[in-house]
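> Quick one, structure for this:
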Amino acid sequence: MAASRAAAPQPEPPAGEPGVQMAGLPPFVPDDPQLGWLFGLNLFGIQPGLERISALLAELGHPERGLRTIVVAGTNGKGSATRLLAALLGAAGHRVACYTSPHLLRVYERLDLDGEPCDPARFAAAAARLRPAIERHGASWFEALTAIALDLCREAGSELLCCEAGLGGRLDASNALPAVATLLTSVALDHEQLLGDSLAAIAAEKLGLLKPGAPLFCAVPEELRAQVFAAGVIAGSPVHFLDEQAVIAPRGADGRWDLTTRRGVIAGLPPLAAPWLRRNAALALLCVDDLAARGLARAPTDPAAALAGAFLPGRQQRVLTSPDWIFDTAHNGEALRAALDTFLARPVAGRRLVLLGSMREKSLDAGVGERLRRCARVLAAPVALPRSRTAPELAELLRGWGLAAPDVAPDFGVALARLAALATPDDAVLVTGSCFAVAEVLWRLGFDDLRETRAPRPARELTARGAG
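Predicted structure coming up:
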C-alpha cells in the first residue's frame, strides 16, 4: 500500500538553489567565465533577511524607486503569473521589465526587458560593475541577482517591474521593493524546512509582502481567506479574492474563455495550456484593471492578443511535435497533480509517456502516483545535480506508488535514448518533476537559449541528438 506522502530522504540537502553549480554539466554551471564569482555566491546558501539588500540598493542610489513594481508570490504559478502580467502591461505600450526565477538554460533569462531576455553582454557588464558593492555588503546569490536586475531596469528606462518573489516573501529580497500591488497565486506545502510545515505558516511568510495602500489579488484556498483578510487589514492592504471578484467561463470547444468582473466582461480570451494558467491570467487582468483605475498603468486595448503572445516556458509548453513533447516545471505535489491532470485530459491518438526527475527534498504525495499509473509508460532518471533523487531513490518512489518494475535510467541521456526508440508520432511525452529536469532535457536536446523553444520543432530533428 502506498504511503499518503513519500517523505523526503535524510539527511537534509545543502542550502542554496539546487541548479546553480560551480562544476558539472550545463546548463547548471556558468557559461560565461566572468560570472563564476556570481554563481559562487550560491555556495553560501539562502540567507533570509532584508538588511543586506536594503543597504546594497541604498549604495546603488535606490534603482527600485524609479519603478512601479508588482510583486508576485505563491507556492505554484507565480512565474507564469509574472510573465502574463508583463505581457499585458507591455501590450499597453509600457516599458516593462519581468524578473523571474530560477532560470532554465542561461542566468540572464531571469530578466526580460520589453519582452526580450536581457542581452548577455549587458548582464555580464552589470554584474561586473556591481561586484564590488555586492561583495562589500555580503549579498546572497538571489540578492545579487535582484540588485543586478534593478540596475539594468534603470539603465533600460523601464517604467514597470513585474517581479516574482524568490522564497516565501517576508524575508525575501523582493520585499525590499516598494510594490504598488501584490499577487498571491497559491499556497501549498513546499520548502517546509524554511517556511513552516502548515499552510497557515507558509501563507504568513508570503503575506509579509503586503504594503500599506498596495492591494493584494489572490487565489488562496477557502480555509486561508480569513487569515489573508486579517493580514490585509493589519497591513492596510485592500484584499481582492479571485473567486469573489471574477468568474471564468469557457466559451466552447476551442478553449477560449470569458472573464466577468465587476467592471464588465473580457470576452474571447485565448486557450491557455492549463486551467491554472487561466486563473493566473485572471489575477493579472484584475491587477491591471486596478492599476489603470488608479492611474498607475494603462490597460491593453486587446487583452486576448496580449495573453496569446505571452511566452510561458516550461508551463505545459509544447517544444517538439510528432510526437508532442510537453515540458512542465511542476516540482511539488500540488503542481505535479495539476500538470498530470492537464496531460491526461489532452487528446492523444497514441500513448501518454512521462519522463520524470525530482529533487530529493521534495515530498510527493500518493495522488501523483495515482495519476502516473494512468499513463502508458513512466520513465525516470536522476537530474545531473547533487540534490536530485538518485536512480535507486526514484525506483523506490515509483514502486511505492504501485508502478511495478519501474523503468529508471542512470541519467537523462539514457532515458532519452529509450524514449527515442519507444515513442511513435501519435504518442505524447510529458517531461516534468522539476524545473531542473526540464532544463537538463532541453539542454540535452540541443537548446542553448529559451527563445529557440518558442516555436515547436519536429521531434525527429532533436531526439537523436539528446540520446547521444
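
> can you pull the contacts of the closest residue to W325 other than its chain neighbours?
Using CB to CB, 6 or more residues apart in numbering and skipping the chain neighbours, the partner closest in space to W325 is V429 (4.7 Å). (Each C-beta comes from the backbone N, C-alpha and C, glycine too.) By CB atoms under 8 Å, 6 or more residues apart in numbering, the contact set of V429 is 320, 323-326, 353-355, 419, 423.

> redo that, cut-off 6 Å
323, 325, 353 (CB atoms under 6 Å, 6 or more residues apart in numbering).

> is it true that the first one touches L422?
No: judged on CB atoms under 6 Å, P323 makes no contact with L422 at a distance of 10.0 Å.

> if we can go back for a sec, specify which member of the contacts of V429 is nearest to R170.
Closest approach between the contacts of V429 and R170, by CB to CB: W325, at 38.3 Å.

> so the closest one makes contact with Q316?
No: with contact defined as CB under 6 Å, W325 and Q316 do not form a contacting pair (11.4 Å).

> More neighbours: which of those two?
Between W325 and Q316, counted using other CB atoms under 10 Å, the more crowded position is W325 (27 against 23).

> who does that one bridge with?
L320, V429 (DSSP bridges).

> Model confidence score at it, please.
The predicted structure scores W325 at 97 on the pLDDT scale.

> before we move on, what about E361?
At E361, the pLDDT recorded in the model is 87.

> can I assume L344 sits in a helix?
Yes: the assignment for L344 (DSSP: H, G, I helix; E, B strand; the rest coil) places it in a helix.

> Apart from its neighbours in sequence, what residue is nearest it?
R374 (5.9 Å).

> okay, now that neighbour: neighbour count?
Neighbours around R374, by other CB under 10 Å: 11.

> and the gap between N175 and F229?
20 Å (CB to CB, to the nearest Å).

> cool, and K362?
31 Å.

> Neighbour count for those two, which is higher?
Neighbours of K362 and F229, each counted by other CB under 10 Å, are more numerous for K362; the result is 21 against 14.

> Regarding the more buried one, which helix or strand does it belong to?
Assigned by DSSP states H and E, K362 belongs to no helix or strand.

> Can you give me the neighbour number for the closest residue to it other than its chain neighbours?
Distances taken as CB to CB, 6+ apart place N332 nearest to K362, at 5.6 Å, with adjacent residues excluded. N332 has 23 neighbouring residues, counting by other CB under 10 Å.

> related to what we said a few turns ago, so the residue nearest to L344, which of the three states?
Per three-state DSSP, R374 ends up coil.

> pLDDT score assigned to it?
Confidence at R374, expressed as pLDDT, is 96.

> quick one: it from T342, how far?
13 Å.

> State the phi and psi torsions of W257.
phi -150, psi 160 (degrees, to the nearest 10).
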